[in-house]
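A.B. asks: attaching a predicted model along with its sequence, questions to come.
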Amino acid sequence: MIKYLIVGLLLATNVWAQSLDKIVAVVNDEVILESDLQDMEQTIRQQIRQRDAAMPPSDILRKQVLERLIMQRLQIQEADKVGIRVGDDALNAALKQIADKNQLTLRQFRDVLEKDGYDFSQFRETIRDEMIIARLRKSQVEDRVVVSDREVDNFLATQKIQDGGQVEYDLQHILISLPEAASPEEVQAAQEKLEKVQALLKEGGDFSQVAAGYSDGQNALEGGELGWRKQGELPSLFADVVPTLAVGEVSQPLRSGSGFHLVRVKDKKSEDVHLVKQTLASHILIKTNELTTDEEAQQRLEKLRERIVNGEDFAELARANSDDTGSAIDGGSLGWVSPGVMVPEFEEKMNSLAVGEMSDVFKSRFGWHLIKVFDRREENMAEEYQRSKAREQIRQRKIDEEMETWLRSMRDEAYVEYRNP
C-alpha cells in the first residue's frame, strides 16, 4: 500500500510538472511519458526504414516500443542500485569513436544528427544509457558465465561426430513469453497468441514483420534477427532442431521456461577449412610517458632505424632499447603472429611489408614501433585456436540463455502499470 501511495504522489507531481505530457506507464517508482515513447518510436521507425524492412502497424509498433522502454528503464534502475555509472569523459570518448567511424569530427557528427532531427543532448543521454546497460549486463551476466575445459572437450568431440561445426545459420526468432510459474490462464493466453502468429506465417506473412509485431524477444523490433550462428553457438533449445530445417523453414513451437519459441532459418552456409596466414616478425617499441614525449620517442626510433640500415643487428638493438620487455629479451621477436592478435594499426603496417623489409617508424596506442618481417607461412588452424573458438561459441550460447532468464526475472519482479494504452 505504501508503495502505491508513493507512486501516486510521484504521478501527481509529474502530472503537475508535465501538464502537457501524458504518462503512459509506471515502472517501479518512475514514469514513462508520452514524449519518451514518441522519441523512441521515431528512432525505431527510422531504423526500420534504414533496414528497408516492413513497418509494423502503428498500434503494434507502439506496444513493442513501450515494452523496450520498460526493459531499458528497469535495467537503468538496476544499474543505479548496484552503483554503475558512466562519466562524461567515458561518454565523450564513446561519442568521438562513433564520429570517427563515420569519418566525421564530433562537431560535424553533431550537425548531421541535428539536421536529421535528433536533439544532440538527448542523443548523448541515450548513448550514456546504452553504455550503462552494457556494463550492467557484463557485470550481472557475461562476467559470471564460466566455460570449463570439459565443456570444450565435449563440444569438440560432438562437433566431430556431427560434422556440423563448419555450418553457419542465419536465424530469426519469435518468442511468446510466459512469466515464471505461469498460471493456466496465462499459458492459455500465450498459446492463443502463438496460434495467431502461426496462422499469420502460414498465410504468407513476412516473418520479420510478424516478429516485430508479436514477438517478446529482445530483437523483436529488428525482425527477430539473431544473425549468423555456428552450430555450437545455437541456444540449447534450438541445437537439435535448426540443422533439420531447410532455408526459409520455420520450426514447430519449442517450449522453454521463457515461453514458446519459433525459429526460422533465413540462410545457411558451409565454411571451407581455411589456412591461417602467419607472419614471423620482430619489433622495437618506445613508449611515451611523463619523461618521454611523442617527439622524443619518434626521434629515438628514427636513429635506431638508421643504425640498422647501416648494418647494425636488429635483435641486438631491440634487446638494448625496446620497452616491450617480453619480446626484447628475444631480440624483439614476436614469433609467428596470427591475424587478429595485434592491434589493427600494428597488423596493418606489418601486413604491408615484404619478407625481409623493415617498416618506417609509426605510432600505435602502445607507443612508437619499428617492425621487421622475416618470413611468412600458411598453417592449418592450430588446436589452441580451435579450442579458443569453441570456448567462445559455448560462452556466447550460455550468455544468450542466461541473459534471457535474467531479463525475464527482472520483468516478473517489477511493478509495471500501463496508462493511456
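C.D. replies: In hand now; what should we look at?
A.B. asks: mind listing what S251 touches?
C.D. replies: Contacts for S251 (Cβ atoms under 8 Å, 6 or more residues apart in numbering) come out as 238, 241-242, 245, 261-264. Every residue, glycine included, has its C-beta placed from N, CA and C.
A.B. asks: now these in a markdown table, with neighbour count, distance to L353 and secondary structure?
C.D. replies: Formatted as a markdown table, these follow (neighbours: other Cβ atoms under 10 Å; distance: Cβ to Cβ, whole Å; DSSP: H, G, I helix; E, B strand; the rest coil):
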| residue | neighbour count | distance to L353 | secondary structure |
| --- | --- | --- | --- |
| F238 | 24 | 45 | helix |
| V241 | 15 | 48 | coil |
| V242 | 22 | 43 | helix |
| L245 | 17 | 47 | coil |
| H261 | 23 | 50 | strand |
| L262 | 24 | 51 | strand |
| V263 | 25 | 46 | strand |
| R264 | 24 | 46 | strand |
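A.B. asks: what ranges do the strands span in the stretch 151-300 of the chain?
C.D. replies: 167-177, 225-230, 254-256, 259-270, 275-286 (DSSP state E, counting those that start in this stretch).
A.B. asks: any chance of TSV for the ones you listed, columns mean pLDDT and distance to N310?
C.D. replies: Listed next are these as TSV, based on pLDDT from 0 to 100; distance: least, Cβ to Cβ, whole Å:
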stretch	mean pLDDT	distance to N310
strand 167-177	92	52
strand 225-230	89	51
strand 254-256	92	69
strand 259-270	90	53
strand 275-286	91	15
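A.B. asks: give me whichever of these is most buried.
C.D. replies: strand 167-177 (a mean of 22; mean count of other Cβ atoms under 10 Å).
A.B. asks: what about stretch 356-367, distance to the chain center?
C.D. replies: Here the centre of stretch 356-367 is set off from its chain's centre by 31 Å, with Cα atoms, centre = their mean, to the nearest Å.
A.B. asks: and it, average pLDDT?
C.D. replies: For stretch 356-367, mean pLDDT rounds to 93.
A.B. asks: flag every buried residue along that stretch.
C.D. replies: For stretch 356-367, burial by neighbour count (16 or more other Cβ atoms under 10 Å) applies to 359, 361, 363-364, 366-367.
A.B. asks: quote the end-to-end distance of that stretch.
C.D. replies: 23 Å (Cα to Cα, to the nearest Å).
A.B. asks: what does it contact?
C.D. replies: Residues contacting stretch 356-367 (Cβ under 8 Å, 6+ apart): 285-288, 294, 297-298, 301-302, 305, 308-309, 314, 323, 343, 345-346, 349-350, 352-353, 368-374.
A.B. asks: go again using 7 Å as the cut-off
C.D. replies: 285-288, 297-298, 301-302, 305, 308, 323, 343, 345-346, 349, 353, 368-373 (Cβ atoms under 7 Å, 6 or more residues apart in numbering).
A.B. asks: most centrally placed residue in the chain?
C.D. replies: A134 (8.6 Å; Cα atoms, centre = their mean).
A.B. asks: and it, how far from R128?
C.D. replies: A134 sits 11 Å away from R128, going by Cβ to Cβ, to the nearest Å.
A.B. asks: could you do E225 as well?
C.D. replies: 25 Å.
A.B. asks: so where is the stretch 101-250 of the chain shaky, pLDDT-wise?
C.D. replies: 160-166 (pLDDT under 70).
A.B. asks: list the helices and strands whichever strand or helix holds F109 packs on?
C.D. replies: Using DSSP states H and E, F109 sits in helix 106-115. Secondary-structure packing of helix 106-115 (3 or more Cβ pairs under 7 Å, 6 or more residues apart in numbering; DSSP states H and E): helix 88-101, helix 120-140.
A.B. asks: buried residues in it?
C.D. replies: Buried residues in helix 106-115 (16+ other Cβ under 10 Å): 109-110, 113.
A.B. asks: as JSON lines, these with distance to L91 would be great.
C.D. replies: Shown next, in JSON lines, are the buried residues of helix 106-115 (distance: Cβ to Cβ, whole Å):
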{"residue": "F109", "distance to L91": "14"}
{"residue": "R110", "distance to L91": "14"}
{"residue": "L113", "distance to L91": "15"}
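A.B. asks: now V241, what are its backbone angles?
C.D. replies: When quoted as degrees, to the nearest 10, the phi and psi of V241 stand at phi -90, psi -50.
A.B. asks: so where's the stretch 301-421 of the chain uncertain?
C.D. replies: Within the stretch 301-421 of the chain, the stretches with pLDDT under 70 are 380-382, 420-421.
A.B. asks: by how many degrees do the top helix by length along the chain and strand 275-286 diverge?
C.D. replies: Longest helix in the chain by number of residues (criterion: DSSP state H): helix 383-413. Counting by axes from the mean of the first three to the mean of the last three Cα atoms, to 10 degrees, helix 383-413 points 90 degrees away from the direction of strand 275-286.
A.B. asks: pull the distance from helix 383-413 to the chain's centre.
C.D. replies: The mean C-alpha position of helix 383-413 is separated from the chain mean by 12 Å, Cα atoms, centre = their mean.
A.B. asks: helices and strands around that helix, which ones?
C.D. replies: Counting by 3+ Cβ pairs under 7 Å, 6+ apart, helix 383-413 packs on helix 58-82, helix 149-162.
A.B. asks: what packs against the first one?
C.D. replies: In other words, helix 58-82. With contacts taken as 3+ Cβ pairs under 7 Å, 6+ apart, helix 58-82 sits against strand 23-27, strand 30-33, helix 34-50, helix 120-140, helix 383-413.
A.B. asks: single out the most deeply packed of these.
C.D. replies: Taking mean count of other Cβ under 10 Å, strand 23-27 is the most buried of those, at a mean of 20.
A.B. asks: paired strands for it, with orientation please.
C.D. replies: strand 30-33 (antiparallel), strand 416-418 (antiparallel) (DSSP bridges).
A.B. asks: show the average pLDDT along the longest one.
C.D. replies: What that stands for is strand 30-33. 93.
A.B. asks: can I get the CA coordinates of stretch 68-83 in CSV?
C.D. replies: Written as CSV, here are the backbone C-alpha positions of stretch 68-83 (Å, rounded to 0.1, in the frame of the first residue of the first chain):
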residue,chain,number,x,y,z
ARG,A,68,11.5,-1.9,-24.9
LEU,A,69,11.4,1.3,-22.9
ILE,A,70,10.1,-0.5,-19.9
MET,A,71,13.0,-3.0,-20.1
GLN,A,72,15.5,-0.2,-20.6
ARG,A,73,14.2,1.6,-17.6
LEU,A,74,14.3,-1.5,-15.4
GLN,A,75,18.0,-2.1,-16.4
ILE,A,76,18.9,1.5,-15.7
GLN,A,77,17.2,1.3,-12.3
GLU,A,78,19.2,-1.9,-11.5
ALA,A,79,22.4,-0.3,-12.6
ASP,A,80,21.8,2.6,-10.3
LYS,A,81,21.1,0.2,-7.5
VAL,A,82,24.4,-1.6,-7.9
GLY,A,83,26.4,1.7,-8.5
